[in-house]
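A.B. asks: following is a predicted model, sequence given first.
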Amino acid sequence: MSGAGPATRGTTGFRLRRHGPLATGLTLILLLAGVALVSLVWTPFPPSKMQIMQKLKPPFEVGLLGTDQYGRDVLSMLMAGAWNSLSIALFAVALGAGIGVVIGLAVAAWRGVLETVTMRGCDVIFAVPPILSAMMLGAFIGPGRWTAIFAIATFMVPVFTRITVGAARQIWTRDFILAARAAGKGPLLISWQHVLPNIVGPIIVQVTIQLGLAILTEAGLSFLGLGLPPPAPSWGRMLAESQTFLRAAPWLAVLPGLAVALSVLGFNLIGDGLRDRLDPRQRGRA
Amino acid sequence: MTSAPLLRVDDLAVSLRLADGRLLPILSDISFTIGRGETLGIVGESGSGKTILSLAVIGLLPESAAVSGSILFDGKPLTGLDDKSLCRIRGSRIGLIFQEPTAALNPAMTIADQIAEGIVLHRGTGWRDARRQAIELLDRMRIDQAVRRADDYPHELSGGQRQRVGIAIALALEPELLIADEPTTALDATVQQEVLGILTEFVREKGVALMLVSHNLGVVAHMASRMLVLYAGTRMEAGETADVLGDPHNPYTRGLLAALPGRTGRGRRMASIPGTVPSLAHLPPGCRFAGRCADEIPQCSQDEPAWRAFGAARGVRCLRALTTESV
């Protein structure tokens, strides 16, 4: 190939532009997952062990990242918090995606009244901010891990329903679906065997993007005291508690904030990277 | 074997309900029969309603379609059957071959699985067994190294191979009736021959009745014992293929025959029928072929001529047919 189009320009630079975001995102998330898993068996200090004598020490003075107002090791808390954030986000997205995709497939297969009712239901859920629905849910069943998971999942269901309906309806217009119907297959079988395998791409992309969003929402919920109850460490509550000491110990705010930001960034980069690779229509766009 | 035809279509009319509530007639006054093991060729230009006719027979018309008339399959009406009973007939007793093999195959499923799933669904065989049968079928469709190709996805095959997979899917359950909607139109001329050869071989061997929909007179002349000529959504002429092609009574059939390449001398322009098929939304009041017809007389554009049956299973729709001056 001797053509000097943009596609053949400088191989290294091109590869980096093409794969850079995906690789960066994957690195960030693998790091996060690794830290979260390690925290289950080892942290530098027990994450909720208080040492009042060592309180509010800056990074490198005590421990690697300093201590908080009770003398707890910030690195240990961040590590344990990573596990809590990640596990809640994973559960919530799995639940939301599972329910949303099933509803979406059913809507695309049967249409009619089901479609109208479901889509308007989605609109209603969309109209309520997730934080608000989490507060209502928290008021009913009390704050905790499952409150956070259910609250976030509730908000995810319509997102996945819409994505699935949109993608699945396109597949339903294709000839091979007509062929499947001509072969005597019912809507259930067609949805499972022919529609779902052809829409996994956009669903996977959405899963990664929503994972980032779930981590952000979880941090928001625990910031408001609706997440995991203390003393379980969580990034959101670390942020909330740091406000009092913003002048004296800015690292208490910066570090968990950075953790949340990098996690969300990681998932979004993966989502964007995957979309570029899985969705040919988006390919080549700036 | 019963004497009643396998498929009997009587006075079939199909209209589509448009967004503004009006009905757009697609097909009207269609009647024909197909006996067991018989091949009926259905010929027509693009827009003549061929595809809608195939879909109507297998009950897969869009929901906006309004159907009148009757379709009897093996003596039982197909129109008005509920979805469940239709699903049992589709695939297992009536097979369908599509025009575009690329579009008719699921891109995310291996070809063996696509052939096998029909067998699993209708016969209740295990997947392993069904896959073995699928590979046998692929082999008989003359796909080289069928065992190795079985796990290929559709995009890894050539167009001709894909259509052979399509035929394998339609024939996997040895249906009594096979509907082939332009089965070779999307293929190269050389590949067409091969695919038609395979199709004929199977149809003969299994005694399958074939409804061959095509715009290609050559293919129909070659494969069908009887034929039906459609124009703008209605039948113009029907009968034994040899009779219709040897002694066409409708000027439209004559025009189609004259437009075949090779009929005119070397170096001459190919004959064609002037004009285009009228839009179904604006059909002329009289004969639908009026305006393009070489033998037109003023009465042609007054009332639509009725279908007239004559001779041995022949029929024609033309005012001037069967009168001395027309032939």
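C.D. replies: Received, thanks. Residues are numbered from 1 along each chain as shown, chains lettered A, B, ... in the order given.
A.B. asks: show the model's pLDDT score for the spatially most central residue of chain A.
C.D. replies: Nearest residue to the geometric centre of chain A (C-alpha atoms, centre = their mean): A:Leu211, 0.9 Å. Note for A:Leu211: predicted pLDDT of 92.
A.B. asks: the strand or helix carrying it - contacts with which helices or strands?
C.D. replies: For A:Leu211, the host element (DSSP states H and E) is helix A:196-223. The contact analysis (3 or more C-beta pairs under 8 Å, 6 or more residues apart in numbering or on different chains; DSSP states H and E) places helix A:196-223 against helix A:74-110, helix A:130-141, helix A:145-172, helix A:235-242, helix A:251-278. (Each C-beta comes from the backbone N, C-alpha and C, glycine too.)
A.B. asks: so what pairs up with the closest residue to chain A within the stretch 201-327 of chain B in the strands?
C.D. replies: Of all residues in the stretch 201-327 of chain B, B:Met211 sits closest to chain A, at 13.0 Å by C-beta to the nearest C-beta. Note on B:Met211: beta-bridge partners by DSSP bridges are B:Leu40, B:Ile179.
A.B. asks: show me the contacts for it.
C.D. replies: B:Met211 makes contact with B:7, B:34, B:40, B:42, B:54, B:57, B:177-180, according to C-beta atoms under 8 Å, 6 or more residues apart in numbering or on different chains.
A.B. asks: please apply the same query to B:Val120.
C.D. replies: Applying C-beta under 8 Å, 6+ apart to B:Val120 gives the contacts B:126-127, B:130.
A.B. asks: phi, psi of it?
C.D. replies: phi -60, psi -40 (degrees, to the nearest 10).
A.B. asks: what stretches of the chain score poorly on pLDDT?
C.D. replies: You didn't say which chain, so I picked chain A. Low-confidence segments of chain A (pLDDT under 70): A:1-18, A:62-63, A:279-286.
A.B. asks: look at chain B instead
C.D. replies: B:1-3, B:262-270, B:322-327.
A.B. asks: so which other helices or strands are in contact with the helix with the most length in it?
C.D. replies: Selection of the longest helix in chain B by residue count, based on DSSP state H, yields helix B:189-206. Judged by 3+ C-beta pairs under 8 Å, 6+ apart, helix B:189-206 is in contact with helix B:159-171, helix B:217-223.
A.B. asks: and it, which residues are buried?
C.D. replies: Neighbour counts over helix B:189-206 (16 or more other C-beta atoms under 10 Å in any protein chain shown) mark B:191-192, B:194-196, B:198-199, B:202-203 as buried.
A.B. asks: who's in contact with it?
C.D. replies: Under the contact criterion C-beta under 8 Å, 6+ apart, helix B:189-206 has outside partners B:37, B:39, B:97, B:140-142, B:158-160, B:163-164, B:167, B:171, B:174, B:178, B:180, B:183-184, B:187, B:208, B:210, B:219, B:222-223.
A.B. asks: out of those residues, which end up buried?
C.D. replies: For these, a neighbour count by 16+ other C-beta under 10 Å gives the buried set as B:37, B:39, B:97, B:140-141, B:160, B:163-164, B:167, B:171, B:178, B:180, B:183-184, B:187, B:208, B:210, B:219, B:223.
A.B. asks: same list (the helices and strands packed on helix A:196-223) but as JSON lines, adding mean neighbour count and distance to B:Ile297.
C.D. replies: Formatted as JSON lines, the helices and strands packed on helix A:196-223 follow (neighbours: other C-beta atoms under 10 Å in any protein chain shown; distance: least, C-beta to C-beta, whole Å):
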{"stretch": "helix A:74-110", "mean neighbour count": "22", "distance to B:Ile297": "54"}
{"stretch": "helix A:130-141", "mean neighbour count": "16", "distance to B:Ile297": "76"}
{"stretch": "helix A:145-172", "mean neighbour count": "22", "distance to B:Ile297": "49"}
{"stretch": "helix A:235-242", "mean neighbour count": "23", "distance to B:Ile297": "88"}
{"stretch": "helix A:251-278", "mean neighbour count": "20", "distance to B:Ile297": "63"}
